[in-house]
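In: no sequence on this one, just coordinates:
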């Protein structure tokens with residue numbers, strides 16, 4: 001009896017975990033998009049157990065921009081969701097992270113629900129509101145600009161493993177698209193025109209596998225129902241990576257490279273650090289990361305888009 005009581009006390013003592021991370025980043029940019037960025041991002045994560053099957057996650061984020069003294073930095077609740085199981089179905093609901101097509105289509109927060117079933121063959125469905133829709137269509141900041149924005153997103157995908165090969169196929173619909181025009185008034189964007197567009201329907205297929213020990217090759221293809229700005233409506237992204245820095249293992253490292261050819265309609269909130277403008281983008285990136293000490297990781301990346 002005493003053993004059971006002690007085990008229960010230990011379980012309750014570990015019911016809530018508070019963790020955090022801080023990221024400093026500096027980037028130089030030249031070409032159609034010129035200038036530099038100098039930022040600090042801090043996050044505090046709170047995670048706890050509701051019961052044996054359900055947990056909750058919350059995250060506060062603060063951003064500091066060192067390129068100005070405008071005082072426009074803020075702290076916001078960027079994640080607040082529960083996850084658990086209903087029968088054999090895994091469910092996430094709330095303001096959650098949503099990653100679509102390996103982050104090449106969308107990789108940021110969204111308000112909604114994600115449900116998945118299976119292991120080696122996993123079927124996933126989702127419905128959400130995109131809350132951070134990424135880049136604008138204008139090439140130059142602080143001038144009149146245009147954005148494509150969506151009210152909702154839903155879709156389904158299938159992920160499967162066949163030995164060393166991981167394959168994926170999916171269908172995503174960004175609903176109630178609008179082409180919104182803004183102008184800057186006292187450094188603040190003001191909506192001046194909005195034109196309704198058709199839903200953006202995108203299907204995708206992808207594959208990833210190890211070609212050698214720690215060397216992984218991946219490829220993803222997307223096809224959109226819409227053409228924004230140019231006549232392009234599809235995308236291909238090919239990636240090659242070797243190993244990778246692990247935060248818990250000092251001295252671990254990785255090198256990686258990607259090739260992109262993406263129409264603007266296949267990009268909503270891209271996961272990469274590179275800059276892209278009006279017409280979608282084509283080009284490459286190379287990068288490397290290294291763990292200097294436990295939980296201290298550095299990275300350097302170069303983009304030509």
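Out: Perfect, I can see it now. Since the model is a prediction, treat every value here as computed from it, not as a measurement.
In: didn't residue 226 look like it was pressed against residue 266?
Out: No: applying CB atoms under 8 Å, one finds residue 226 not in contact with residue 266, separated by 9.4 Å. In short, each C-beta sits where N, CA and C put it, glycine included.
In: The most centrally placed residue in the chain is in what secondary structure piece?
Out: In the chain, the centroid-proximal residue (CA atoms, centre = their mean) is residue 107; its distance is 1.9 Å. If you go by DSSP states H and E, residue 107 is part of strand 106-117.
In: swap in residue 8?
Out: Secondary structure assignment for residue 8, by DSSP H and E: helix 2-13.
In: Check what contacts the following helix or strand past that helix and list those residues.
Out: Per DSSP H and E, the first helix or strand lying C-terminal to helix 2-13 is strand 16-29. Outside strand 16-29, the residues within contact range by CB atoms under 8 Å, 6 or more residues apart in numbering are 35-48, 273, 275.
In: My assumption is that residue 31 lies in a strand; please confirm.
Out: No: assigned with DSSP: H, G, I helix; E, B strand; the rest coil, residue 31 falls outside any strand and is coil.
In: for the stretch 51-200 of the chain, what spans make up the strands?
Out: In the stretch 51-200 of the chain, the segments counted as strands under DSSP state E, counting those that start in this stretch are 55-65, 74-86, 89-100, 106-117, 121-130, 145-149, 152-162, 165-175, 178-185, 188-196, 200-212.
In: Need the mean per-residue confidence for stretch 184-204.
Out: Stretch 184-204 shows a mean pLDDT of 83.
In: Flag every buried residue along it.
Out: Using 16 or more other CB atoms under 10 Å as the burial criterion, the residues of stretch 184-204 that qualify are 189, 197, 200-204.
In: Please tell me how far residue 63 sits from residue 25.
Out: Per CB to CB, to the nearest Å, residue 63 is found 11 Å from residue 25.
In: quick one: common contacting residues for those two?
Out: Jointly contacting residue 63 and residue 25 under the rule CB under 8 Å, 6+ apart are 39-41.
In: Of these, just say which sits nearest to residue 303.
Out: residue 39 (16.6 Å; CB to CB).
In: What strand or helix carries the closest one?
Out: Here residue 39 is assigned to strand 35-49, by DSSP H and E.
In: Which positions in that strand come out as buried?
Out: Of all the residues in strand 35-49, those buried under the rule 16+ other CB under 10 Å are 43, 46-47, 49.
In: closest to residue 290 among these?
Out: residue 43 (21.4 Å).
In: May I have the beta-bridge partners of that closest one?
Out: Taking DSSP bridges, one obtains residue 21, residue 61 as the residues bridged to residue 43.
In: can you list the domains in the protein?
Out: For the chain, automatic domain parsing gives the domain ranges 1-75, 87-304.
In: just to revisit the earlier point, tell me which residues are up against the strand holding residue 107.
Out: Strand 106-117 has contacts (CB under 8 Å, 6+ apart) with 78-79, 88-100, 122-132, 134, 153, 268-271.
In: Equivalent analysis for stretch 37-46, please.
Out: Contact partners of stretch 37-46, identified using CB under 8 Å, 6+ apart, comprise 16-27, 29, 57-67, 78-79.
In: which among these end up buried?
Out: Members of the contacts of stretch 37-46 classed as buried by 16+ other CB under 10 Å are 57-61, 78-79.
In: Quick check, residue 224 in contact with residue 202.
Out: Yes: with contact defined as CB under 8 Å, residue 224 counts as touching residue 202 (4.9 Å).
In: what sits in contact with each of those two?
Out: With CB under 8 Å, 6+ apart, residue 224 and residue 202 have common neighbours 265-266.
In: Which strand residues bridge residue 280?
Out: Under the criterion used (DSSP bridges), residue 280 bridges to residue 277.
In: Quickly note the distance from it to residue 236.
Out: 12 Å.
In: which of these two has more neighbours?
Out: residue 280 (22 against 15; other CB atoms under 10 Å).
In: No more questions from me, cheers.
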